[in-house]
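> Here is a sequence with its predicted model. Questions after.
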4 protein chains.
Amino acid sequence: MNISGMGKNRLEAFSDGVLAIIITIMVLELKVPHATDLGALLPVYPVFLSYILSFIYLGIYWNNHHHMLHTVRHVTGGILWANLHLLFWLSLVPFVTGWMGENNFARGPVAFYGLNMLMAAIAYYILQQQIIASQGPESILARAIGHDWKGRISPVLYALSIIFAFWSQWVSMGIYALVALIWLIPDRRIERLLTGSDE
Amino acid sequence: MNISGMGKNRLEAFSDGVLAIIITIMVLELKVPHATDLGALLPVYPVFLSYILSFIYLGIYWNNHHHMLHTVRHVTGGILWANLHLLFWLSLVPFVTGWMGENNFARGPVAFYGLNMLMAAIAYYILQQQIIASQGPESILARAIGHDWKGRISPVLYALSIIFAFWSQWVSMGIYALVALIWLIPDRRIERLLTGSDE
Amino acid sequence: MNISGMGKNRLEAFSDGVLAIIITIMVLELKVPHATDLGALLPVYPVFLSYILSFIYLGIYWNNHHHMLHTVRHVTGGILWANLHLLFWLSLVPFVTGWMGENNFARGPVAFYGLNMLMAAIAYYILQQQIIASQGPESILARAIGHDWKGRISPVLYALSIIFAFWSQWVSMGIYALVALIWLIPDRRIERLLTGSDE
Amino acid sequence: MNISGMGKNRLEAFSDGVLAIIITIMVLELKVPHATDLGALLPVYPVFLSYILSFIYLGIYWNNHHHMLHTVRHVTGGILWANLHLLFWLSLVPFVTGWMGENNFARGPVAFYGLNMLMAAIAYYILQQQIIASQGPESILARAIGHDWKGRISPVLYALSIIFAFWSQWVSMGIYALVALIWLIPDRRIERLLTGSDE
């Protein structure tokens, strides 16, 4: 039994716990309507659409986080705090989701949603760099993300969607959907490299 | 140490976390009454009945999910996303439970409850197919569910209950109770096959 | 790797998750006061006292649950459902705690709190019997609880406190505190027997 | 398989679960604004600042808790209850954070925040002593914290901030920020000692 492995397990368990709670308490923003006909659900639909979007985003983060942490061998203080920093921005997702949904995709909340996602993307990048730094020059993660165009294009798209929100929030929403689509396929390069090194 | 085993553990841990949170935050829909006599609990009873029903349903899903994932050897991207899709519909259970309970089993919410359960049943079926596909022709899960009449009859019963809700919600509620009873016995066939293959 | 061990781990993880959530979301019943002097906390104090009591009760349940499940070797369907039944009554603790606290220990809510605890104690007993039944005549748990006076006296005390609540709620509260004190010491007999059998 | 190791894993898992929930449900105190311009976020900013502070504090506790439990070999009843006692005070963090934030850092809530942190620090100290007592004279933890100036100065700083709050809450807030900064660097001494003893 080795000390870094243990630390990694608790880091994964804690992150999984936080992500599981974030993804689940979002449902508390879906306020139960007081009317009983199906039409009563109409005002809930923007919150519901935001809920779906954020659910997918958090699913993507959980998935990529899982693949990335898989390559960690030694949990340093830097990795630990970079991870908490990422969880911080993700923990705000229920708030920005609720604000965007309850105000029917008004421009301010839509831009703010993008800002939160931009900060999360930057936090994810910092965590990636901390892991690479801890692995040294022959880093398995560094090789895996060598051509990480997804990781590079996402913050740019978020920044664009923040700007576009003040002109048309629907362009921003389209960009959010696009980013989700881009990421929906897990980064198989890490998986392939890891499997390759196991054989 | 093998990569798929690790992934499976995190998938189980994350799913367990989400299911544990869903089953527990439902209690937040039970609003604390302001009066202090036991009669003050009277308006709470439909929410309480809905709570019991959903608690049993989620317990059944957790139980069956546990048995099904037990047969997984390699977590593919398809399994991962099919699992998140299932968790999505289950995450809405506190919402539909609250809507149904707070409106004293009105027809619209009762039908919507059935719709949510139908979507969850379909999501469960998709997850099952993804696991079978990943296991190839000699799939242990495919053999186990060879005569899975429960899995086949449940969506039909949910669909019926949605239709019946517009005529009498109590018929629908009876169907929901029936489905719960059918599933209350865990699927021992998977357990038997697995135990058999261990001996 | 054996199938029952795996099942036990997931059962423990799920139960721990549910208990951790129950014990934590109780804090959401502590409504943030709008005034800013320390006197503003005065109306919160009954909720706070109820919170402390329930926190200790849930801690005791977690602790005893942990020791009891330690003796389980094979998770049967009966154990699984008896465990969910126990979690059901414990999941209502935030509700009964909030009702009792927000109404300044009125008699109805105090009696109802006892009723919930009585049901949880009965559910705990059923789970114990399911585990003993699964272990057969040489059950390690059966020997450990051979003289389980705590487990036998607690339901009696809860029943008494329900009756007394209609005469004086403070007697009931005293009984609740007494039960907590009795249980605060973990059941070392199980621990001793297990340690003994390991040596 | 040994009984103390098992107990330690469940203690860690339960503590991680509770800490993950506490750190995440704090976001529920960030009430979604009804206006849609970015100015609508202005009243939320004190809650947001409190949120950041408490997020960092809880991250620090999780981190230090993780390092401290790493040295535990045998979970005694004393450790178990000292741990629950610590979790109790930490579970109140969302409440004191919400009270402080929603009242724009008024003096009463700021002092109360310090009081809660003081109690948590004392609970942490008691847990430390329980672990040291269980490890005997050659305690690895006792050696590691031999010159634990952080652990000794924190309660003093909290006590000072409680007193200062009645004169100027900003001095108190400065002290809270200072304590966070002091602790932000994980206690590498434990890590170093453990790594040293592994080599």
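Perfect, thanks for sending it.

> The helix or strand hosting A:Leu80 and chain D, any residue contact?
Taking DSSP states H and E as the definition, A:Leu80 sits inside helix A:77-91. Yes. Interface with chain D: helix A:77-91 contributes A:77, A:80-81, A:84, A:87-88, A:91 (Cβ under 8 Å from any Cβ of the partner chain). Just so you know, the C-beta spots here come from the backbone N, C-alpha and C atoms, and that holds for glycine as well.

> Of those, just say which sits nearest to chain C.
Nearest to chain C among the residues of helix A:77-91 next to chain D is A:Ser91, at 14.7 Å by Cβ to the nearest Cβ.

> contacting residues for that closest one?
Neighbour list for A:Ser91: A:18, A:22, D:23-24, D:26-27, D:55 [criterion: Cβ atoms under 8 Å, 6 or more residues apart in numbering or on different chains].

> Which two among these are spaced furthest apart?
A:Ile22 and D:Phe55 (12.8 Å; Cβ to Cβ).

> Just to check, A:Val47 is in contact with A:Gly101?
Yes. At 3.3 Å, A:Val47 and A:Gly101 qualify as touching, with contact defined as Cβ atoms under 8 Å.

> The two: which is more packed in?
Set side by side, A:Val47 and A:Gly101 show more neighbours around A:Gly101, with 25 against 20, by other Cβ atoms under 10 Å in any protein chain shown.

> check contacts around the more buried one.
When contacts are counted by Cβ under 8 Å, 6+ apart, A:Gly101 touches A:29, A:46-51.

> residues of the helix holding A:Leu80 that come out buried?
Within helix A:77-91, the residues scored as buried using 16 or more other Cβ atoms under 10 Å in any protein chain shown are A:77, A:79-91.

> pull the longest helix from chain A.
helix A:107-135 (DSSP state H).

> Just confirm yes or no for the following helix or strand past that one near chain B.
Note on helix A:107-135: by DSSP H and E, the next helix or strand toward the C-terminus is helix A:140-144. No. Helix A:140-144 lies out of reach of chain B by Cβ under 8 Å from any Cβ, never closer than 12.2 Å.

> from the chain's centre, how far out does helix A:140-144 sit?
Chain-centre distance of helix A:140-144: 20 Å, with Cα atoms, centre = their mean, to the nearest Å.

> possible to save the buried residues of helix A:77-91 as a markdown table with pLDDT and distance to C:Ala13?
Formatted as a markdown table, the buried residues of helix A:77-91 follow (pLDDT from 0 to 100; distance: Cβ to Cβ, whole Å):
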| residue | pLDDT | distance to C:Ala13 |
| --- | --- | --- |
| A:Gly77 | 82 | 28 |
| A:Ile79 | 91 | 24 |
| A:Leu80 | 88 | 23 |
| A:Trp81 | 90 | 27 |
| A:Ala82 | 94 | 27 |
| A:Asn83 | 95 | 21 |
| A:Leu84 | 94 | 23 |
| A:His85 | 95 | 27 |
| A:Leu86 | 97 | 24 |
| A:Leu87 | 96 | 20 |
| A:Phe88 | 96 | 25 |
| A:Trp89 | 96 | 27 |
| A:Leu90 | 96 | 22 |
| A:Ser91 | 95 | 22 |
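
> same for the helix or strand containing A:Leu181, what does it pack against?
Here A:Leu181, judged by DSSP H and E, is contained in helix A:169-184. For helix A:169-184, the elements it packs on are helix A:45-70, helix A:107-135, helix A:149-165, judged by 3 or more Cβ pairs under 8 Å, 6 or more residues apart in numbering or on different chains; DSSP states H and E.

> Just the buried positions in that helix, please.
A:169, A:172-173, A:175-176, A:179-180, A:183.

> that older thread, could you redo the helices and strands packed on helix A:169-184 as JSON lines and give each row distance to C:Ser154 and mean pLDDT?
Shown next, in JSON lines, are the helices and strands packed on helix A:169-184 (distance: least, Cβ to Cβ, whole Å; pLDDT from 0 to 100):
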{"stretch": "helix A:45-70", "distance to C:Ser154": "41", "mean pLDDT": "90"}
{"stretch": "helix A:107-135", "distance to C:Ser154": "48", "mean pLDDT": "92"}
{"stretch": "helix A:149-165", "distance to C:Ser154": "56", "mean pLDDT": "89"}
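
> ok so, going back, quick one: which of the contacts of A:Gly101 has the most company?
Most neighbours among the contacts of A:Gly101, by other Cβ under 10 Å: A:Ser50, with 29 neighbours.

> ok, so what distance separates that one from A:Leu30?
Note on A:Ser50: its distance to A:Leu30, by Cβ to Cβ, to the nearest Å, is 10 Å.

> still on that earlier bit, what touches both of A:Val47 and A:Gly101?
Shared contacts of A:Val47 and A:Gly101 (Cβ under 8 Å, 6+ apart): A:Glu29.

> Distance check, A:Ala111 against B:Leu127.
36 Å.

> and these two? which has more neighbours close in?
Taking other Cβ under 10 Å, A:Ala111 and B:Leu127 do not tie; B:Leu127 has more neighbours (24 against 20).

> For that one, which non-adjacent residue is spatially closest?
Spatial nearest neighbour of B:Leu127, chain neighbours left out: B:Ala82 (4.1 Å); criterion: Cβ to Cβ, 6 or more residues apart in numbering or on different chains.

> what residues are up against that neighbour?
B:123, B:126-127, B:129-130.

> Out of those residues, which comes closest to chain C?
Nearest to chain C among the contacts of B:Ala82, with distances taken as Cβ to the nearest Cβ, is B:Leu127, at 16.8 Å.

> Would you quantify the distance from the most centrally placed residue in chain A to B:Gln135?
Among the residues of chain A, the one closest to the centroid is A:Tyr61, at 3.6 Å (Cα atoms, centre = their mean). Using Cβ to Cβ, A:Tyr61 is found at 28 Å from B:Gln135.

> Name the residues of chain A found near chain B, please.
Listed as neighbours of chain B in chain A under the rule Cβ under 8 Å from any Cβ: A:12-13, A:16-17, A:19-21, A:23-28, A:30, A:32-34, A:36-38, A:40-41, A:52, A:55, A:59, A:62-63, A:66, A:70, A:184-186, A:188, A:191, A:194-195, A:198.

> Show the buried residues in those.
Using 16+ other Cβ under 10 Å, the buried members of these are A:12-13, A:16-17, A:19-21, A:23-28, A:30, A:32-33, A:36, A:40-41, A:55, A:59, A:62-63, A:66, A:70, A:186, A:191, A:194.

> what residues are up against the closest residue to A:Leu38 other than its chain neighbours?
Nearest residue to A:Leu38, sequence neighbours excluded (Cβ to Cβ, 6+ apart): B:Gly108, at 4.9 Å. Taking Cβ under 8 Å, 6+ apart, we find B:Gly108 in contact with A:36-38, A:40, B:165.

> Good, we can wrap up now.
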